[in-house]
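Got a predicted model here, sequence first, then my questions.
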Amino acid sequence: MGWTDEDLDELHRMACLQDAQDAMAFITALRKASLDDSFARLPPEALDRLRNPPRALPDTTDPDLLIHYRVKQLASELSGVVPLVHDMCINTCLAFTGPFADLDQCPRCGEDRWDDKRSTPQKKVPWQKFDTYPIGPQLQALWRHPDHAEKMHWREERTKKILEELEVTGGVPEVYEDVLHGKQYLDACQSSQIKEGDSVLMLSIDGAQLYESKQSDCWVYIWVLFDHAPEERYRKQYVLPGGIIPGPKKPKNLDSFMFPGLHHLRAIQTEGLAIWDGALNKLFKSNPFLFIATADGPGMAFLTGLVSHHGKMGCRLYCGLPGRHKLGAPTYYPAMRQPHGNMDHADISIEQLPPAGSLNYEKNMQRIVSCRYAAEYEQARLETGISKPSIFCGFDTNHILLIPLSFSSDIMHVAAINAGDLLIPLWRGTFRSDPTDDKATWDWAVLTKETWKMHGSTISGATPFLPGSFDRPPRNPAEKIHSGYKAWEWLLYLYGMGPATLYGILPDPYWTNFCRLARGLRLMQQYHISQSELLDGHQHLLDFADEFEEIYYQSHIDRLHFIRPWIHSLTHIGPETVNKGPPICSSQWTMECTIGNLGQEIRLHNSSVYSNLSQHATRRCQVNAIKAIIPSIEPTLITSPKGSEDVGQGYILLRRRERTAHMVRPCEADAIVRFLANDGIEICSVPPVTKWAHLRLPNGQVARSAWKERAMTKQPRMARNVKLLLNGQTAIGEVYFYFNMTIHNRRKTFAMVSVYSDPHQDLLQCSFHTVFACHHRGDNSLQLIEVCAIQSVVAMVPHQFPGINGTLYYLIERPGLDIIRIGGINEEDILDED
């Protein structure tokens, strides 16, 4: 239904408490946003360009152009991107924007806005400033050149195909592989909320600690553009900076910092953003649609205006599941089972959990705003789960999903950080316990003393077997888990290595419960999720959450704090995939990558760290816009390095290569003879072959070979194990070498591989297919395969499984080739480690 202007005006008049008045003031200002009002702050020339975008491309014959675009004063002219600079409280309480624009002191801490030492009667100088990068000019730049304009048409063309496919499949997608498959997106298109030419956006915000020093904390927000294809949109060049909020303290009123960027978006939604389509040579108006706003858990509370995740109605997606709390304690936990002896609400079945957005947000927000006294507000806050009205209520519902449906959960923090922060301390027996809960009864607490040290050594000992394309390997958790363990390390450790390395250590039913979690999250973190995988993954996550309560919490009130909010979040992942597409597409991986590469670009200059970061973000906006307008500025990407050979279908042989052909070993010759015999070719002897060392796969990974790796003086991280598709079945092989051979007058490229055994069936079944462990058979299992059978580079880690004779090699797939792609990370070819 949404709010009308009259509804919001009435709510504003009803607001009594100061926080509600402030929130409604920002909402009202956002609702009335215009490019001509006093809050817009665009310079006249920038505003004129926004309304009248250039229709011609810059003169690329200008010999000074490549120099000019690097010059600061000309970068804004070429790109059209000008940062909006606003004053802020020196303590980061709030920004002097919108309703706070005319204040001389911070109403929160009382600090002066102006630096009295640098200010003069003629010019006031603020203590601190922050930058906002308006999205309008950045969008215009992406349409101006014909090549980039073609890329911007991708979403509309793909949407048409999806709608045609749905007519055949009865309205249910066979696969979810982008937000474009989400029901809420398709409904918005079919109801004409999203029209032809409208850009579709995601806003993502997060706190960032740029250096080890806490003094480098800041907040960053970005825009992700769903108009681009997935292989483009998450790359550094197409992720659009939105704003940098200096720290080191956290903002107390985030609305005031977000206001300039949101005001600009709201204004161009209302007026329409003039865009010159370089591909079609026409001018059109775009009304950008804000599809998703996301953040980590604490950040989401700022965006949504909902209570923290420890409130009684603490679900990030506002489903209405009431939490439970210990007597006299203010913190609530989303347990489905009623604690023994507790008189709160009855058990709630895992199959009957309410869907996202089940509570009446509009009615509850009206109740919060109308509170006249603090005690009345606290009670309403407890019962409604709303802390304040969300600033996003200031958007017209024609250009945004209804609140709170426009907000998204974040699978990155849930899977990669939150899960480990609970499970590892539980298994170590270090998790906080109540005095009435005897830890001697914690039969799951097995990672103690020497067992924990040995487990940590097992994890770090696997590093040589993890390909370089797996990025940073997990460090020894027994030594480093409290030393800035990264999200990527958690992901590899928990879901890549955890099921195998905890087998025989973590007793049942705790091990199988964890395997359910690993299975569910492995499936749901894919970019491509089939209907069967969606059902399977969702059921495993439901079963994990339900069983976790049964075996750990056991309905004991003194273990209620075991039920962390992320466990409840798991139950929404499946349904939200139906609504918004694969969770990875709207996750915080893109933000994680953005913060990482911004941190790499800047240099620490003590007090100037925030200024340095803002300058780099401004430069990124402008340079990316210029590269979109003038693609020839960007050096041509060399897709095939010197000495390589493109063998078709996206496969490329890479050096090293033997200079002369050599005879192969007898066992290898036998494999070649068998292959040729199956193809109807009989030969007496195998001719010499010229070996190649590396093969680049269509997914960007580089598979090495035993021939080269074993010859390296410094042994690299192994990258010669590959996932194969042989006769429609998945297999794992170790590549010995690659070579070309002519068969039936056709030149083909082959790999000599040693195929691992079939996986250990008992391990595979009892782990819900999370432990794929095989015997390595070496020369006894050589096969010749065409390289097009190679799907990806994988890790095969040797491990002694308790109770199983011999060494098995367990499979780790990079937790997403998808996640790396979504994060916009380009894998570097590791070719010269020797």
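Cool, the structure landed. Not measured: the values here are computed from a predicted model.

name the helices or strands packed onto the longest helix anywhere in the chain?
As assigned by DSSP state H, the longest helix anywhere in the chain is helix 609-629. Here helix 609-629 touches helix 72-79, strand 128-132, helix 135-144, strand 217-225, strand 240-246, helix 589-601, going by 3 or more Cβ pairs under 8 Å, 6 or more residues apart in numbering; DSSP states H and E. The way it works is simple: take the backbone N, C-alpha and C, and place the C-beta from them, glycine included.

let's go with 10 Å and repeat that
helix 72-79, strand 128-132, helix 135-144, helix 146-152, strand 217-225, strand 240-246, helix 589-601 (3 or more Cβ pairs under 10 Å, 6 or more residues apart in numbering; DSSP states H and E).

Next one: Pro509 from Met152, what distance?
51 Å (Cβ to Cβ, to the nearest Å).

what about the two, which has more around it?
Met152 (23 against 13; other Cβ atoms under 10 Å).

Which residue, other than its chain neighbours, is closest to that one?
Asp227 (5.1 Å; Cβ to Cβ, 6 or more residues apart in numbering).

right, and that neighbour touches Glu196 too?
No - contact criterion Cβ atoms under 10 Å: Asp227 and Glu196 do not qualify, at 11.6 Å.

With neighbour numbers in mind, choose between these two.
Asp227 (24 against 11).

So the more buried one belongs to a helix, correct?
No - with DSSP: H, G, I helix; E, B strand; the rest coil as the criterion, Asp227 is located in coil rather than a helix.

so what's it up against?
139, 142-143, 151-156, 158, 197-201, 233, 238, 286, 288 (Cβ atoms under 10 Å, 6 or more residues apart in numbering).

Checking the nearest residue in space to Gln715 that is not next to it in sequence next. Helix, strand or coil?
Take Gln715 and drop its neighbours on the chain: the residue closest to it by Cβ to Cβ, 6+ apart is Pro464, 6.7 Å away. Of the three states, Pro464 takes helix under three-state DSSP.

I'd like to know how many residues surround Pro464.
The burial count for Pro464: 12, using other Cβ under 10 Å.

ditto for Asp536
Asp536 has 19 nearby residues by other Cβ under 10 Å.

Low-confidence bits of the stretch 601-750 of the chain, can you list those?
Across the stretch 601-750 of the chain, the ranges flagged by pLDDT under 70 are 603-608, 636-639.

er, the chain I mean
1-2, 60-74, 211-216, 603-608, 636-639, 816-834.

Spatially central, which residue of it would that be?
Trp589 (2.4 Å; Cα atoms, centre = their mean).

Once you drop chain neighbours, what's closest to Leu225?
Arg233 (5.7 Å).

ok so, going back, any common contacting residues for Asp227 and Glu196?
His153, Glu156, Ser286.

just the helices in the stretch 401-550 of the chain please.
411-413, 419-428, 449-461, 477-480, 487-491, 498-501, 510-524, 531-548 (DSSP state H, counting those that start in this stretch).

Include distance to Asp438 when you put the ones you listed into JSON lines, please.
Conversion of the helices of the stretch 401-550 of the chain to JSON lines gives the following (distance: least, Cβ to Cβ, whole Å):
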{"stretch": "helix 411-413", "distance to Asp438": "32"}
{"stretch": "helix 419-428", "distance to Asp438": "15"}
{"stretch": "helix 449-461", "distance to Asp438": "19"}
{"stretch": "helix 477-480", "distance to Asp438": "25"}
{"stretch": "helix 487-491", "distance to Asp438": "30"}
{"stretch": "helix 498-501", "distance to Asp438": "27"}
{"stretch": "helix 510-524", "distance to Asp438": "18"}
{"stretch": "helix 531-548", "distance to Asp438": "20"}
